[in-house]
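> Sequence and predicted structure, then a few things I'm wondering about:
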Amino acid sequence: MTGTHRPAATIWAARALIVVAVLALWEFVPKIESLQDVSPLFDPFFVSSPSMIWERIVDLMLGRNGQPSVWPYLWKTVLATFLGLAIGTVLGAAMGLLLSNNETTQRIVSPFIAVVNATPRVALIPIFVIIAGPTLTTSVLTAVVIVVFIVFYNAYAGGASVPAEVVQNAKLLGATPREVMRRVRLPYVLVWTFTSLPNAISFGLVAVVTAEILMGRIGMGRLLADSLSNVDATLTFAVVVMLSIFGVVIVTLSQAVERRALHWWRP
């Protein structure tokens, strides 16, 4: 026997121990005055503390102690992220499916796709602001241009990974190019598209928050900008923690949808 599998309880206990150790170090080490002159990393003013961050999160959730209620901010970010993710995923998957099914079209448009993909999408935010103003539309567009290429390259790779003999057999059985695309390539595209969703969600959320920071529009990015202008490390960490929790939740939901939608693909 070359290896052993640890029980799930042992794995979770080890993870919990790591979390507790990190939080304890973060909470108590910056309180050692002799270390505060060594580096800003040991100064509570710059790194805050888990207890202060938790208290600020509660204040934001309840809208108390001079803190605004976080829910209107979070809702704007959540809405823009979901819309951008949905639109970008559908467009990216459709592009990947169509181009993987038509080599001529793929060879024609691939240089243009590469050029657009190489363009820093953050640089497009001012253009979106000029077109749509500092609105929800700008946040959604920013997420779309990030998500669409993440999904597209995965979807295209999935469509192109169909074994050639499978396509040839389908054609011998009388399948038209459209039927090959729909019945043969589409399942591969769907699997690879769902595989790309965790990255697409993460980058889409980052895109929305970045757009909100640059626009000053209400959202979690606006809270981050406010924390920067007020040099408030506790608010910064509180917003980051809440965004992290939101990111984990939607990634978990996407994995649940994947398991449900693609149960036929599982061995």
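Ah, there it is.

> Quickly find the element holding the closest residue to G96 other than its chain neighbours.
Nearest residue to G96, sequence neighbours excluded (CB to CB, 6 or more residues apart in numbering): A155, at 2.6 Å. Every residue, glycine included, has its C-beta placed from N, CA and C. Assessed by DSSP states H and E, A155 sits inside helix 136-160.

> For that helix, which helices and strands make contact with it?
helix 70-101, helix 103-118, helix 125-132, helix 186-215 (3 or more CB pairs under 8 Å, 6 or more residues apart in numbering; DSSP states H and E).

> can we see that at 6 Å?
helix 70-101, helix 125-132, helix 186-215 (3 or more CB pairs under 6 Å, 6 or more residues apart in numbering; DSSP states H and E).

> would you turn the ones you listed into a markdown table with mean neighbour count?
Putting the helices and strands packed on helix 136-160 into a markdown table (neighbours: other CB atoms under 10 Å) gives the following:
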| stretch | mean neighbour count |
| --- | --- |
| helix 70-101 | 21 |
| helix 125-132 | 15 |
| helix 186-215 | 22 |
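
> which ones are touching A80?
By CB atoms under 6 Å, 6 or more residues apart in numbering, A80 lies in contact with 136, 139-140, 208.

> from the chain's centre, how far out does stretch 187-196 sit?
On the basis of CA atoms, centre = their mean, to the nearest Å, stretch 187-196 is displaced by 17 Å from the centre of the chain it belongs to.

> Stretch 172-188 too?
Remark: stretch 172-188 is offset 32 Å from the chain centroid, using CA atoms, centre = their mean.

> And the contacts of it?
Identification of contacts with stretch 172-188 by CB under 6 Å, 6+ apart yields 100-101, 158-159, 161-162, 167, 170.

> For R107, find the nearest of the helices and strands packed on helix 136-160.
Minimum separation from R107 across the helices and strands packed on helix 136-160 (CB to CB) falls at helix 70-101, 9.4 Å.

> Compute the inter-axis angle for that closest one and helix 186-215.
140 degrees (axes from the mean of the first three to the mean of the last three CA atoms, to 10 degrees).

> hang on, the earlier thing: output the helices and strands packed on helix 136-160 in CSV, with distance to L23 appended to each entry.
Below are these laid out as CSV (distance: least, CB to CB, whole Å):
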stretch, distance to L23
helix 70-101, 22
helix 125-132, 35
helix 186-215, 23
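
> Format these as JSON lines; extra columns: distance to A118 and mean pLDDT.
What follows is the helices and strands packed on helix 136-160, written out as JSON lines (distance: least, CB to CB, whole Å; pLDDT from 0 to 100):
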{"stretch": "helix 70-101", "distance to A118": "16", "mean pLDDT": "92"}
{"stretch": "helix 125-132", "distance to A118": "16", "mean pLDDT": "87"}
{"stretch": "helix 186-215", "distance to A118": "16", "mean pLDDT": "90"}
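
> Could you find the closest non-adjacent residue to the residue nearest the centre of the chain?
Centroid-nearest residue in the chain: S202, 1.3 Å away (criterion: CA atoms, centre = their mean). Closest residue to S202 apart from its sequence neighbours, by CB to CB, 6+ apart: G247 at 6.1 Å.

> tilt between the host helix or strand of that neighbour and helix 186-215?
Element membership of G247, judged by DSSP H and E, is helix 233-261. Our comparison of helix 233-261 with helix 186-215, counting by the same axes, to 10 degrees, yields an angle of 160 degrees.

> dump the residue contacts of S139.
80, 208, 211.

> Can you get me a residue count around the closest residue to N65 other than its chain neighbours?
Nearest non-adjacent residue to N65, counting by CB to CB, 6+ apart: D59, 4.7 Å away. Residues contacting D59 under the criterion other CB atoms under 10 Å number 19.
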